[in-house]
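Student: next one to model:
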Amino acid sequence: MRAERLLSIVLLLQNRKIISTKALAEELGVSERTVHRDMDALSSAGIPVYAERGKTGGWKLLDGYRTQLTGLTKEEVKTLFLSPPIDLLGDLGYTKNWQEAREKLLASLSSATSVDFADAQNRIYIDASTWRGKKETVEAFSLLNQGLWEQRALSISYEKYGSTASEREVEPLGLVAKGSTWYLIAAEQQELKTFRASRIRSAQLLPKRFERPENFDLARYWHDSKNAFIRTLPSYEVNLLIAYEQKDMLHNSGRYVRVLDLYESGEDGWLTARLSFDTKEEAAAYIVGFGNKVKMISPTELKKHVWMIAEQALKAHADIG
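Tutor: Coordinates of the predicted model:
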């Protein structure tokens, strides 16, 4: 704790040039006597700090003295100042910590590696939200995060999709943000499971502590779990011809269609497409929307289903015109 405070003093002096004992004490949440002891410790460690007397006096560093992050190039420093997803930092309660860490980093850079933070932030912005804009509410987020860092078990009320909530005792091992959606990775009866955080209706921190699995790798677990989930998704494959001018529509259709293959068909103005949908019904509804800009190839059952939908649409609008 004291080491962190001593570092904070040096960085504050670098940023503000001169600062009074009273101001330092208020900034650090300690007594003025503690500040004087800290200054003695810094001086003994070889940090050129001294007191300037007078009404506008205070503590200063010898002109030209700066701590430096050695080994960092300017290009490497730029990557450290990329704007993080602020919403996700806010969920974790880390926004203030990030801002303070950024200031410390700025203060510790030499003039050769220093960057204009505002300029760097104004050139690259990372938005982790979705186009739908709706953000899920996680009522128990602070408790999930606390249990994760303190390695304490949690009693949670979890509501799976389409069912009622059930009580579970879990050992939190990690939090993962997929877009703007949070997931809790936890062990339940020694089995690793993934819980959608917004479906945790309530949580209680238990006194029971646990040891993290020695070989647990959060990123690897998430990657493997995600791929396993994708393999379980239903897949309905479709082959068709699509008008050349509609090709961009295929790549801008969101999650409902997956383009497996797209190439010249040999027919002037048409492309051959191999697509994948979750169900036959989704495929039919999607294809009907293209009107005469698509020609079905296979499967035959889908061609019949599309024909049926078209007939029903004609009957429903038979009174027009």
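
Student: and the helices in the stretch 1-150 of the chain?
Tutor: With DSSP state H, counting those that start in this stretch as the criterion, the stretch 1-150 of the chain has helices at 2-16, 21-28, 32-44, 74-80, 86-92, 95-108, 117-121, 141-150.

Student: any chance of a markdown table for these, columns mean pLDDT, mean neighbour count and distance to G54?
Tutor: Where C-beta positions appear, they are placed from N, C-alpha and C, glycine not excepted. A markdown table is the format used below for the helices of the stretch 1-150 of the chain (pLDDT from 0 to 100; neighbours: other C-beta atoms under 10 Å; distance: least, C-beta to C-beta, whole Å):
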| stretch | mean pLDDT | mean neighbour count | distance to G54 |
| --- | --- | --- | --- |
| helix 2-16 | 79 | 16 | 17 |
| helix 21-28 | 88 | 16 | 13 |
| helix 32-44 | 89 | 15 | 17 |
| helix 74-80 | 70 | 13 | 37 |
| helix 86-92 | 82 | 16 | 42 |
| helix 95-108 | 76 | 15 | 25 |
| helix 117-121 | 68 | 13 | 33 |
| helix 141-150 | 93 | 17 | 46 |
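
Student: of all the ones you listed, which lies closest to S276?
Tutor: Among the helices of the stretch 1-150 of the chain, the nearest to S276 by C-beta to C-beta is helix 86-92 (30.7 Å).

Student: what sits up against the closest one?
Tutor: The contact list for helix 86-92, computed with C-beta atoms under 8 Å, 6 or more residues apart in numbering, reads 95, 98, 128-129, 135, 138, 141, 145, 175, 177, 180, 182.

Student: send me that helix as PDB with only the CA atoms.
Tutor: Provided in PDB are the C-alpha atoms of helix 86-92 (Å, rounded to 0.1, in the frame of the first residue of the first chain):
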ATOM      1  CA  ILE A  86     -16.300   2.300 -21.700                       C
ATOM      2  CA  ASP A  87     -19.700   0.600 -21.100                       C
ATOM      3  CA  LEU A  88     -18.000  -2.700 -20.200                       C
ATOM      4  CA  LEU A  89     -15.500  -0.900 -17.900                       C
ATOM      5  CA  GLY A  90     -18.500   0.700 -16.200                       C
ATOM      6  CA  ASP A  91     -20.200  -2.700 -15.700                       C
ATOM      7  CA  LEU A  92     -17.000  -3.900 -13.900                       C
END
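
Student: so how far is it from its chain's centroid?
Tutor: 8 Å (C-alpha atoms, centre = their mean, to the nearest Å).

Student: likewise stretch 182-201?
Tutor: With C-alpha atoms, centre = their mean, you get 17 Å for stretch 182-201.

Student: and if you look at stretch 292-308?
Tutor: 41 Å.

Student: now it: buried residues?
Tutor: Neighbour-count burial for stretch 292-308, counted by 16 or more other C-beta atoms under 10 Å, picks out 294-297, 302-303, 305-306.

Student: narrow those residues to those in strands?
Tutor: Among these, DSSP state E puts 294-297 in strands.

Student: low pLDDT regions in the chain?
Tutor: 1, 3, 67-74, 76-77, 108-118, 131-134, 253-255, 320-321 (pLDDT under 70).

Student: most centrally placed residue in it?
Tutor: Centrality entry for the chain: nearest residue to the mean C-alpha point is A177, 4.6 Å, by C-alpha atoms, centre = their mean.

Student: which ones are touching that residue?
Tutor: With C-beta under 8 Å, 6+ apart, A177 has these contacts: 85, 88, 91, 128, 183.

Student: for the fourth one, grab the count of nearby residues.
Tutor: Residue crowding around A128 was assessed by other C-beta atoms under 10 Å; the count is 14.

Student: which helix in this structure runs the most residues?
Tutor: Ranked by number of residues, the top helix in the chain under DSSP state H is helix 300-316.

Student: re earlier: distance to L205 added to the buried residues of stretch 292-308, as TSV?
Tutor: Shown next, in TSV, are those (distance: C-beta to C-beta, whole Å):
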residue	distance to L205
V294	56
K295	60
M296	57
I297	58
L302	52
K303	58
H305	53
V306	55
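
Student: neighbouring contacts of stretch 32-39?
Tutor: 2, 5-6, 9, 21-22, 24-25, 28, 30, 49, 51, 59.

Student: hang on, I meant stretch 274-294
Tutor: Contacts of stretch 274-294 (C-beta under 8 Å, 6+ apart): 233-243, 245-246, 249-250, 253, 256-262, 296, 301-302, 305-306, 309-310, 313.
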